[in-house]
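Novice: below: sequence and its predicted model.
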Amino acid sequence: ISEFTQDYLSNWYVRLSRRRFWKGEYETDKISAYQTLYTCMETIAKLGAPIAPFFMDRLYMDLNSVSQKETFESIHLADFPKSNAVYIDKRLERKMESAQTISSLVLSLRAKEKIKVRQPLQKIMIPIDSQEQKDEIMAVAELIKTEVNVKSVEVLEDASDILVKQIKPNFKALGPRFGQDMKSVAQVVNNFTASDIKKIEQNGVLDVVINGKSIILDRSDVVITSKDIEGWLVASSGALTVALDVTVTEALKKEGIARELVNRIQNLRKESGFELTDKISVQFQNDEHIKNAIETNLDYIKTETLTDTLEIVDNLNTGIDIAFDMPHENVVRYSDKDLEEFRTLILEKIEKAKHDLELIKSAYMNDGNNGTDDTSPTFKAFDEGSAVMSKESNAQLAIRQEKFIRDLKNALIRIENKSYGVCRVTGKLINK
């Protein structure tokens, strides 16, 4: 429930549907967006009611007081949701998973190179291994372009000449598995061909012969990375690889400045108390970079900010200074040795966090049978209400612990892409 609510509903659906919620008239698309969100919130409330009875009851009552969709006085009197296989679309789910993974990889590369999302870039390339994968990616290409602010998405059926994969043994995994044969396994891995790398990426396993014995190598037994291409950055997650063109042309630079100006104007609108539908007039003091960007992207700026008239004047005495970084400066990052040290620490934290989560879940599930049905005087809740409150508190702890583990795993991805430890706001290294 927590993962769906945070990662899929809030951080993905709601964020990507903002324009559907706020732009245009209350017509079919906007109604569909609101009704989908309502259905999700209502179902979450019902699913979570046994875990967080008080909060979910309040959520349900708030929703139902507006819609009057159901007549129950409490969520605990309502019917529990039932799965409907008609609504399950696995192909659509795979498309969205691909869009999320690709977007995450591209955004991590932007952070690595210290390029803001508001700065448009030209293209991303994605190697594919089947027509089905190509169709699924291209079906969400527009969504990806909007999410990561690139002009085009290109899929490559044969990327061997462009994206070169590298492989090395994962000694931490190989040691416990193969013991004294580890060196022999490592030697075989180091001699893998491009075809071998592709097979273990796609299948997750690969049969190899070590000292006359046939063994199966898992994907976790090796570390696969991609070489950066001049003018491009490359990142991978599992079998999925993306290459991002980080060359900022003059036209892209102007568009990036225009987007920064839109952001500043929108902030000023909000601070000045304008309504969403109010039309405004804007003046800029003459500056060569800003002037060129405005002239090239005038219609875009005026449309996004509801500006009636936009002027560039030589002197502006009553205006407000705005500042933003011009794209784009050289990036700094931690050394490979430092990143490996961070990786080790985070892996240790993940193991401890998983152990703590199991303890929390055990307490919540009443594995020790010390709930209100336990008559033992050694550990008995005072009454049913306190037992429920204790369960709800443990459930909230479990949700926070699961989020902590996800954040640690996301940190491992940033380490792999060499962007870990770089402040996303300033682009500077965070103190070790």
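Specialist: Arrived safely.
Novice: ranges for the strands of this structure?
Specialist: Assigned by DSSP state E, the strands in the chain fall at 121-127, 150-156, 165-169, 205-210, 213-218, 222-226, 232-237, 240-245, 280-285, 307-313.
Novice: of those, which is nearest Ile360?
Specialist: Judged by C-beta to C-beta, the one of the strands of the chain that comes nearest to Ile360 is strand 232-237, at 28.5 Å. Where you see a C-beta, it was placed from the backbone N, CA and C, and this is true even at glycine.
Novice: what residues does stretch 172-180 touch?
Specialist: For stretch 172-180, contacts defined as C-beta atoms under 8 Å, 6 or more residues apart in numbering pick out Met182, Ser184, Val185, Ala186, Ile210, Ile215, Asp218, Ser220, Asp221.
Novice: for stretch 198-209, that is, sorry about that
Specialist: With C-beta under 8 Å, 6+ apart as the test, stretch 198-209 has contacts from 129, 165, 185, 188, 192, 196, 214-219, 222, 224, 238-239.
Novice: same thing but at 10 Å, please
Specialist: With contacts defined as C-beta atoms under 10 Å, 6 or more residues apart in numbering, stretch 198-209 is touched by 127, 129-130, 160, 165, 167, 184-185, 188-189, 192-193, 196-197, 214-222, 224, 236, 238-241.
Novice: and what of stretch 54-63?
Specialist: Residues outside stretch 54-63 that contact it (C-beta under 10 Å, 6+ apart) are 1, 38, 41-42, 44-50, 52, 69-70, 72-78, 388-389, 392, 395-396.
Novice: low-confidence stretches in the stretch 201-350 of the chain?
Specialist: Counting by pLDDT under 70, the stretch 201-350 of the chain contains low-confidence ranges at 228-230, 323-332.
Novice: could I have the buried ones of the contacts of stretch 198-209 as PyMOL selection syntax?
Specialist: To isolate the buried subset of the contacts of stretch 198-209 in PyMOL, counting by 16 or more other C-beta atoms under 10 Å, use the following:
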select buried, resi 127+165+167+185+188+189+192+196+197+215+217+219+221+222+224+236+239+240+241
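Novice: centre-most residue in this structure?
Specialist: Residue closest to the average C-alpha location in the chain (C-alpha atoms, centre = their mean): Ser104, at 4.9 Å.
Novice: export the strands of the chain to CSV and append columns for distance to Glu27.
Specialist: Output for these, formatted as CSV (distance: least, C-beta to C-beta, whole Å):
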stretch, distance to Glu27
strand 121-127, 33
strand 150-156, 29
strand 165-169, 48
strand 205-210, 51
strand 213-218, 51
strand 222-226, 45
strand 232-237, 38
strand 240-245, 36
strand 280-285, 26
strand 307-313, 25
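Novice: looking at those strands, which one is packed in the most?
Specialist: Using mean count of other C-beta atoms under 10 Å, the stretch among those with the largest mean neighbour count is strand 240-245, at a mean of 24.
Novice: quick one: strands adjacent to it?
Specialist: Counting by DSSP bridges, the strands paired with strand 240-245 are strand 121-127 (antiparallel), strand 232-237 (antiparallel).
Novice: okay, the ones you listed in JSON lines with distance to Glu201 next?
Specialist: Below are those laid out as JSON lines (distance: least, C-beta to C-beta, whole Å):
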{"stretch": "strand 121-127", "distance to Glu201": "10"}
{"stretch": "strand 232-237", "distance to Glu201": "9"}
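Novice: what's the closest of the ones you listed to Ser281?
Specialist: Set against Ser281 and scored by C-beta to C-beta, the strands paired with strand 240-245 come closest in strand 121-127, at 32.2 Å.
Novice: give me the angle between the closest one and strand 150-156.
Specialist: Counting by axes from the mean of the first three to the mean of the last three C-alpha atoms, to 10 degrees, strand 121-127 lies at 20 degrees to strand 150-156.
Novice: what's the spacing between strand 121-127 and its chain's center?
Specialist: 18 Å (C-alpha atoms, centre = their mean, to the nearest Å).
Novice: likewise for stretch 117-134?
Specialist: Distance of stretch 117-134 from its chain centroid, counting by C-alpha atoms, centre = their mean, is 16 Å.
Novice: give the rounded mean pLDDT of it.
Specialist: Average pLDDT, stretch 117-134: 90.
Novice: one step back: of all the strands of the chain, which lies closest to Asn11?
Specialist: Among the strands of the chain, strand 232-237 comes nearest to Asn11, with 16.8 Å by C-beta to C-beta.
Novice: with just CA atoms, put that closest one into PDB.
Specialist: Listed next in PDB are the C-alpha coordinates belonging to strand 232-237 (Å, rounded to 0.1, in the frame of the first residue of the first chain):
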ATOM      1  CA  TRP A 232      26.800  11.400 -24.100                       C
ATOM      2  CA  LEU A 233      26.300   9.900 -20.700                       C
ATOM      3  CA  VAL A 234      25.200   6.200 -20.200                       C
ATOM      4  CA  ALA A 235      23.400   4.600 -17.300                       C
ATOM      5  CA  SER A 236      21.900   1.100 -16.700                       C
ATOM      6  CA  SER A 237      19.400  -0.600 -14.500                       C
END
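Novice: how far off strand 165-169 does that strand point, in degrees?
Specialist: Orientation note: strand 232-237 sits at an angle of 50 degrees relative to strand 165-169 (the same axes, to 10 degrees).
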